[in-house]
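1. Output the structure for:
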Amino acid sequence: MEVHLADSRPSRKGPPEWFTGTVWINPVVEAPEPCRVMAVHVTFEPGARTAWHTHPLGQTLHVLSGTGLVAKRGERPQVIRPGDTVWIAPGEEHWHGAGPDAAMVHLAVQERLDGRVADWLELVNDEDYRQTPL
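-> Next up is the predicted model:
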């Protein structure tokens, strides 16, 4: 058994290759092999977002606070709010982040496959980000 006390693990800033804007990532679950689950608490400042990416075994997002956006490749973004849960299928190209005027915090849960939880693609351009949400 391992107990991680609150604030015992440092926040890390999301790398600019994977995120636009300021994003803070806090580990929640980083289970050792043979477990595959990984969960992070992610804070997006207004306008911040992920790059396009996929997950080999899918991903679940659960919004904790703020107003966010999530989009599948080729579709307009959808607004997500506290209490909303999003399932992203394995291999589905998508992005997620805060809306332009409000921060957003979500819990992201995914599993590792061959040591990786995500395959990162190009940054989301402003045109895709600013589309009128569904």
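2. Please enumerate residues in contact with the host helix or strand of H41?
-> Per DSSP states H and E: H41 is located in strand 37-44. With Cβ atoms under 8 Å, 6 or more residues apart in numbering as the test, strand 37-44 has contacts from 14, 21-31, 64, 66, 68, 97-98, 103-112, 117. The C-beta positions use only the backbone N, C-alpha and C, and glycine is treated the same way.
3. For PyMOL, write the selection for the buried entries among the residues you listed.
-> To isolate the buried members of the contacts of strand 37-44 in PyMOL, using 16 or more other Cβ atoms under 10 Å:
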select buried, resi 14+21+23+24+25+26+28+66+68+97+98+103+104+105+106+107+108+109+110+111+112+117
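4. picking up where we left off before, strand partners of the strand holding H41, parallel vs antiparallel please.
-> Strand pairing for strand 37-44, determined by DSSP bridges: strand 23-30 (antiparallel), strand 104-111 (antiparallel).
5. For my notes, please list those strands in JSON lines and give distance to M38 and mean pLDDT for each entry.
-> Below are the strands paired with strand 37-44 laid out as JSON lines (distance: least, Cβ to Cβ, whole Å; pLDDT from 0 to 100):
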{"stretch": "strand 23-30", "distance to M38": "6", "mean pLDDT": "95"}
{"stretch": "strand 104-111", "distance to M38": "6", "mean pLDDT": "98"}
